[in-house]
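Chemist: With the input below, show me the fold.
(chains A, B and C, ligands or ions: 2)
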Amino acid sequence: MKPRFASVALNVPAGSDTYSYKIVDDISDDMLIGRRAVVMLGNRLMEGYIVDITDHADIEEDKIKPVEALLDKEPIFTKAMLELAFWMKEQYLCPLGAALACMLPPGVKARIQKMIVLLNEADVIDNTKSLIINALRDNKGRMALNALKKVVPVKNISSVLAELERDGVIAYEYTVKESVRIKDSYNEAAVSGSISTVRPVQQQLQAITAINKAVDEGEGAFLLHGVTGSGKTEVYLQAIQHAMDIGKDAIVLVPEISLTPQMVALFTARFGSSVAVWHSRLSMGEKYAQWWRIKNGQAQVVVGARSAVFAPVQRLGLIVLDEEQESSYKSDMTPKYDAREVAKRRCDIEAGVLVLGSATPSLETYYAAGKGDMRLLVMPDRINGKPLPHVDIVDMRQEIAYGNKSIFSRKLLKAVAYNLKAGQQSILFMNRRGFSTFVSCRNCGLVMKCPHCDISLVYHSDKGQLQCHYCGYKIAVPKVCPKCKSPYIRYFGAGTQRIEHDVKQIFPHARVVRMDTDTVTKKNAHRDILRLVWRHEVDILVGTQMIAKGLDFPEVTLVGVVAADTALNIPDFRSAEDTFQLVTQVAGRAGRAAKPGMVIVQTYQPEHYSLQAAVKHDYESFYRQEIEIRERLKYPPFSNIVKISLSGKHLPDIIKAAEDMAGELHCYLNNMCYNNDVEILGPSPAPMEKIKDEYRWQIILKVDVHIMDDIKYDIKRMVDRYSCASMDINPYSML
DNA sequence: AGCACGCCGACT
DNA sequence: GTCGGCGTGCTC
Ligand SMILES: [Zn+2]
Ligand SMILES: [Zn+2]
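Modeler: Ligands and ions are numbered 1, 2, ... in the order given. This is a model prediction of the structure:
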């Protein structure tokens, strides 16, 4: 028999994509490719993934070790998933093994322990050696390496152990365990059966027809641009139904924040037990069970957050990304993939159809649709025929000029008062939690900052604490200034607690409820608040993002955006886009049912184009102005952004590394004559220079889209040489 | 990631 | 002269 070699992908940073190992078992290639295996790398045993079988290896044969063991009964990756992983490692410059590892549920991972076994109790003079032997003897002659390291805390323990092994005093053994034991019985929540479909209206019919045709053909990408309430969900549901009718599976991605029981119910009501739900709050065991349910073909519809894009459906028909503009589709861990791009690529590989849905598409996606990379489907009308709510901008500068120092404009107060009298519900939106976002001493000006982060502490009135929203640091509110002992401390910058407090004071009889991370962390609190609102037991709902994304409050007729500038003032190229999207989304909460809606947006920059466009519900106008700025300043989609972050405990080291690297980059780009194609910003401190006691600096590259592939590998290699540096290709934001 | 190899400061 | 610091680079 001809010798066979396995190309095994290992999750080692800055290593090669695959390593060659000998195949000793008599197993067909098809049962090997895509399979998990255990191999030796250096002197440790690790889990890897076989991605190919060849009859030759490009290194000397005597260096090649055998595959130690095969895991599972069959390959865990399909050829399509392997191809997707190869694409990911090129696109995001991550190890191939890391791309593959992130496709599996956390439970599918071998836990490998190195054990040390005592063979004979040799007399040794060396102190470390006798410590090791004594420790082993005390533990019946067998210890895990990690346990031994704790008992014998010597730095060079592995070289000492190597000597002992050579002298035949000890031997190595390995234990390989699966992280999750396979459980056949998984307690599944009872799901209701199929509910009959809704009769679609004309604009939905057109979209459904186009998507269904593409699903039949196994090819196509769509941007479904529909205003809030235009009935995008019904389009998804009918397209999924069609895919299922022809024996294909569907994946629906929803932003984590919108993946509520109500959202899931939309799908389980229609598709019953064919639905598998996938989100971060599932336990490891639940994830494991769901994953196998999907892989075994017991679920045809997967509803989940970002990582559900890797759901192992057998016959992909359709991937839907709802609210495609959401930043949560971009992963913040290595590999830093963008689920939109992965979904597109996966559809290309597996003959699936991609549907991106949004009321406010990202600039990148709309631009791609304009170029013809995807087909634009527009749904401009609300399904109930009601007009979009009227949006009013209030210039807060004039309020101040008038002598109104409160956080509410006269107009907003009047509208809330009217609504209360009419027995109608209102929403007050504020994108910051806590009471005051900024606390300082009136006498000496000291700003209360987190000792671990370069960020001001937020006053939380309910707990009487100052909190850091980045590391969780908390202290009781100081009675006097820590520096000058002055008792006069001022609180600036309103958060949701302050809104709640003020509104209760102004309208003492109103029933006010606040909904933000602080009030929904308790179990069921989320559901309880929604119930209160739906039963009309609440007059005014105060909240953050959480109430803007996807939740349906049919009775709400007034939405107040208390401070639209918060998002606008963030120093990032996406701030205008974020603001437009946020105001449009919040506005979409108003007047969804019978009564017409009204939106009041408070701002200090009423003339800003993102707000002006949001007022008119005019996406096109916003897009035209924003895309022009992106093109002029060479931001995405007209460039690729490469963000290089350097972080560490010792600031001078970080600055030195950042400057060295910037020098290297300049030099490299000069030599390669890429000066006109790449713009280097920085090095500069990150907008939040210190977080959790780590200093952060960054270098931003704006790279011409045509030369990205020519330079990205070189840049990656440079970055890899600095242990404190990491890079992110096309990060969502530059912060 | 580990771990080894290798070249410069402070110790027996 | 050696011990050990961690910079650089390899692991099939
Ligand atoms: Zn003071
Ligand atoms: Zn902090």
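Chemist: How many neighbouring residues does the residue of the stretch 201-350 of chain A at minimum distance from DNA strand B have?
Modeler: Nearest residue of the stretch 201-350 of chain A to DNA strand B: A:T334, at 8.9 Å (C-beta to the nearest atom of the strand). The C-beta positions use only the backbone N, C-alpha and C, and glycine is treated the same way. Neighbourhood size, A:T334 [other C-beta atoms under 10 Å]: 18.
Chemist: Select the longest helix from chain A.
Modeler: When chain A is parsed with DSSP state H, its longest helix is helix A:651-671.
Chemist: Enumerate every residue touching the closest residue to A:E664 other than its chain neighbours.
Modeler: Ranked by C-beta to C-beta, 6 or more residues apart in numbering and with sequence neighbours excluded, the top spatial neighbour of A:E664 is A:M718, at 5.8 Å. By C-beta atoms under 8 Å, 6 or more residues apart in numbering, A:M718 lies in contact with A:661, A:664-665, A:668.
Chemist: Same check on A:P554?
Modeler: Contacts of A:P554 by C-beta under 8 Å, 6+ apart are A:534, A:592-593.
Chemist: So what's the residue count around A:D52?
Modeler: For A:D52, using other C-beta under 10 Å, the count is 16.
Chemist: re the thing from before, after the longest helix of chain A, next one along is what?
Modeler: strand A:678-691 (DSSP states H and E).
Chemist: distance between the helix or strand that that following strand is followed by and the chain's centre?
Modeler: Using DSSP H and E, the helix or strand that follows strand A:678-691 towards the C-terminus is strand A:694-704. Relative to its parent chain, strand A:694-704 has a centroid offset of 20 Å by C-alpha atoms, centre = their mean, to the nearest Å.
Chemist: So which residues of the stretch 351-500 of chain A form helices?
Modeler: Along the stretch 351-500 of chain A, counting by DSSP state H, counting those that start in this stretch, helices occupy A:363-371, A:396-402, A:410-422, A:496-506.
Chemist: mean confidence score for the shortest one?
Modeler: What helix A:396-402 shows for mean pLDDT is 93.
Chemist: distance between that helix and the chain's centre?
Modeler: For helix A:396-402 - counting by C-alpha atoms, centre = their mean - the centre lies 39 Å from the chain centre.
Chemist: show me where pLDDT drops low in the stretch 201-350 of chain A?
Modeler: For the stretch 201-350 of chain A, applying pLDDT under 70 flags no range at all.
Chemist: how about the closest residue to ligand 1 within it, phi and psi?
Modeler: Nearest residue of the stretch 201-350 of chain A to ligand 1 (C-beta to the ion) works out as A:D332 at 37.4 Å. Reported as degrees, to the nearest 10, the phi and psi values for A:D332 are phi -100, psi 0.
Chemist: What's the local residue count around it?
Modeler: Using other C-beta under 10 Å, A:D332 has 11 neighbouring residues.
Chemist: how far is stretch A:369-388 from where the chain is centred?
Modeler: 26 Å.
Chemist: Quote the end-to-end distance of that stretch.
Modeler: The straight-line separation of the ends of stretch A:369-388 (C-alpha to C-alpha, to the nearest Å) is 25 Å.
Chemist: Show me what A:A725 bridges to in the sheet.
Modeler: Beta bridges link A:A725 to A:L646, judged by DSSP bridges.
Chemist: my read: it touches A:M661, true?
Modeler: Yes - the pair A:A725 and A:M661 passes the contact test of C-beta atoms under 8 Å, sitting 6.7 Å apart.
Chemist: Find the residues that touch each one of these two.
Modeler: Shared contacts of A:A725 and A:M661, defined by C-beta under 8 Å, 6+ apart, are found at A:644, A:646, A:719.
Chemist: how close does the second one sit to A:M46?
Modeler: Distance, A:L646 to A:M46, using C-beta to C-beta, to the nearest Å: 29 Å.
Chemist: Those two: which is more packed in?
Modeler: A:L646 (26 against 19).
Chemist: Tell me the spacing between the more buried one and DNA strand B.
Modeler: 14 Å (C-beta to the nearest atom of the strand, to the nearest Å).
Chemist: Equivalent analysis for A:I711, please.
Modeler: A:I711 is 22 Å from DNA strand B, where distance means C-beta to the nearest atom of the strand.
Chemist: What residues does chain A have near ligand 2?
Modeler: The interface of chain A toward ligand 2, taken as C-beta under 5 Å from the ion, is made up of A:450, A:452-453, A:468, A:470-471, A:473.
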